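Undergrad: generate coordinates for the sequence data below:
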Amino acid sequence: MTAAQTHQLSWFDETRAGLELALASKLEQYKGPSAVLNDAMEYALLDGGKRLRAMLVFSAGHAVGTSVNDLTDAACAIEAMHAYSLVHDDLPSMDNDVLRRGKPTCHVKFGEAFALLAGDALQTAAFQWLAESVQGSVHVRMQQIAALAGASGLQGMAAGQAIDLAHVGKPMDLDALEHMHARKTGDLIKASVRMGYASNPGLSAVEKNGLEAYAHCLGLAYQVIDDILDVESTSDVLGKTSGKDALNNKPTMVSLMGLGEAKALLARLREQAFTACEVIAAPRRAPLETLVELITNRKS
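TA: Numbers count the residues shown, from 1 in each chain. Model prediction:
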């Protein structure tokens, strides 16, 4: 490992550690009158998680010259939104999963009603933290709120989940599957990058377009490797139930393309992501490149 790579990993470790403290602090300040609901929110948000979306916020901000300290609230917001999506995705009426991040899912631990409420409260917390933030101008925060809302709702993550549920046990071609994944998974990854680069309103069109292309490639790559790991890995390693897509007869990149072609697609997306962020000067794009490595080589 080179000195530059070691430095990047140190930056990532320090930034993640600071994020964990910020998330815990925000939940402590945000506590409501229901102890069970408070506990369910903490369980869903604080205990585990790779924090890749938050690190995308910080890394895209770094790429445009914004410090970590000016993006902490945005990073906390994206993690709250992601945690909400996982809690609701695991519910019996959705994917009906019992394992998440190596522990019982929120509804298994606290019951379905409190899991629903915890997800609802985490979603609204995300917007409250952004709206009340003093990090960045009002214009910047409005751009971040718009990016998060657009990625989460009727045109984004919720739409992707609806398409997914409608196609359980039904045929789906590759274009339709990519469209679904772009909504269900990719849009929140794109929002993470947008919330980071929105911190610099003077960003050039070339840099913005490059970061958009980077986010697109990374969003699809994340889902491709998810589908590969669902086939190749185990529940213990993944921290969630493996083989569930095949068991539920859900279309995946692997089921439509085959394992070899899915891995080839992942390799292409990896290279395209590296190429896309070359519009950013080398020192500033290093965290973005590290995230390509972390996401495309992840084991869980």
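Undergrad: now the residue most central in space within the chain: phi and psi?
TA: By Cα atoms, centre = their mean, the chain has its centre lying nearest to residue 53, at 4.1 Å. When read as degrees, to the nearest 10, the backbone of residue 53 gives phi -70, psi -40.
Undergrad: could I get the full set of helices for the stretch 151-300 of the chain?
TA: Secondary structure of the stretch 151-300 of the chain by DSSP state H, counting those that start in this stretch: the helices cover 157-166, 174-181, 187-197, 205-232, 235-238, 244-247, 253-257, 259-276, 282-296.
Undergrad: what does the last one contact?
TA: To tie it back to what came earlier, the one meant is helix 282-296. With Cβ atoms under 8 Å, 6 or more residues apart in numbering as the contact definition, helix 282-296 has outside contacts at 4-5, 8-9, 11-12, 50, 52, 55-56, 58-60, 62-65, 214, 218, 221-222, 225, 266, 269-270, 273-274, 277-278, 280. Placement of C-beta: from N, CA and C, glycine included.
Undergrad: of those residues, just the buried ones, PyMOL syntax please.
TA: Entered in PyMOL, the line below selects the buried ones among these, by 16 or more other Cβ atoms under 10 Å:
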select buried, resi 8+11+12+52+55+56+58+59+60+62+63+64+214+218+221+222+225+266+269+270+273+274+277+280
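Undergrad: any figure for the gap between residue 108 and residue 87?
TA: Distance, residue 108 to residue 87, using Cβ to Cβ, to the nearest Å: 11 Å.
Undergrad: same thing with residue 209?
TA: From residue 209 to residue 87 the distance is 34 Å (Cβ to Cβ).
Undergrad: looking at these two, which is more packed in?
TA: Comparing residue 209 with residue 87 by other Cβ atoms under 10 Å, the one with more neighbours is residue 87, at 30 against 12.
Undergrad: for the nearest residue to that one once chain neighbours are set aside, give me phi and psi.
TA: Spatial nearest neighbour of residue 87, excluding adjacent residues (Cβ to Cβ, 6 or more residues apart in numbering): residue 119 at 4.0 Å. When quoted as degrees, to the nearest 10, the phi and psi of residue 119 stand at phi -60, psi -40.
Undergrad: and the pLDDT for residue 119?
TA: Predicted confidence (pLDDT) for residue 119: 97.
Undergrad: what residues are up against it?
TA: Counting by Cβ under 8 Å, 6+ apart, residue 119 has contacts 44, 83, 84, 85, 87, 88, 106.
Undergrad: most neighbours among those residues, which one is it?
TA: residue 87 leads those on contacts (other Cβ under 10 Å) with 30 neighbours.
Undergrad: most distant residue from the middle of this protein?
TA: Of all residues in the chain (Cα atoms, centre = their mean), residue 33 lies farthest out, 29.3 Å.
Undergrad: and that residue, what's its pLDDT?
TA: 96.
Undergrad: going forward, begin numbering at 59 instead of 1
TA: Happy to do that; since the first residue is 59 now, the last one works out to residue 91.
Undergrad: could you check how far it is from residue 130?
TA: The value you get for residue 91 to residue 130, if Cβ to Cβ is used, is 27 Å.
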